[in-house]
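S.K.: Generate a structure from the sequence data that follows.
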Amino acid sequence: MATTKKRTTKSIADGLIAADDTSPSATLAREILADYSDLTPSVMRIVSADLSEGQRQRALEQFRNSLGAIDDPNRDPRYAIANCGPAEH
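M.R.: Here you go, the predicted structure:
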């Protein structure tokens, strides 16, 4: 009989994203990783990219929204980063 692994409250994001970071993009990254821990490299690529907070949030939103879509180019974090909007100054 197969057993179901109990999900813990400790997130894969713990240790990867600063615990005191309450920015919208950090919160979104934690939510994605809570549901899809296998996407850690992709999420961390977006989180660590040289983007403004607004761009990072848009890239993460585009990436998350692509997860349920077939053939959405935003599934590639590089594409989501490149297409997250104009640079903000």
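
S.K.: Can you give me the buried ones in the helix or strand of the chain with the lowest mean pLDDT?
M.R.: Least confident element among the helices and strands of the chain, by mean pLDDT, DSSP states H and E: helix 24-35 (a mean of 92). The neighbour-count check on helix 24-35 (16 or more other C-beta atoms under 10 Å) flags 25, 26, 28, 29, 30, 32, 33 as buried. For the C-beta atoms, the positions are set from N, CA and C on the backbone; glycine is no exception.

S.K.: Stretch 54-73 too?
M.R.: Buried-residue list, stretch 54-73, by 16+ other C-beta under 10 Å: 55, 56, 57, 58, 59, 60, 61, 62, 63, 64, 66.

S.K.: Would you confirm that residue 29 contacts residue 45?
M.R.: No: between residue 29 and residue 45 there is no contact under C-beta atoms under 8 Å: 10.8 Å.

S.K.: counting contacts, what elements does the longest helix anywhere in the chain pack onto?
M.R.: Ranked by number of residues, the top helix in the chain under DSSP state H is helix 53-66. On a contact count with 3 or more C-beta pairs under 8 Å, 6 or more residues apart in numbering; DSSP states H and E, helix 53-66 meets helix 24-35, helix 40-47, helix 77-82.

S.K.: Dump these into CSV; add distance to residue 70 as well.
M.R.: Output for those, formatted as CSV (distance: least, C-beta to C-beta, whole Å):
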stretch, distance to residue 70
helix 24-35, 18
helix 40-47, 17
helix 77-82, 15
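
S.K.: Looking at the ones you listed, spot the one closest to residue 17.
M.R.: helix 24-35 (5.2 Å; C-beta to C-beta).

S.K.: elements contacting the closest one?
M.R.: helix 40-47, helix 53-66.
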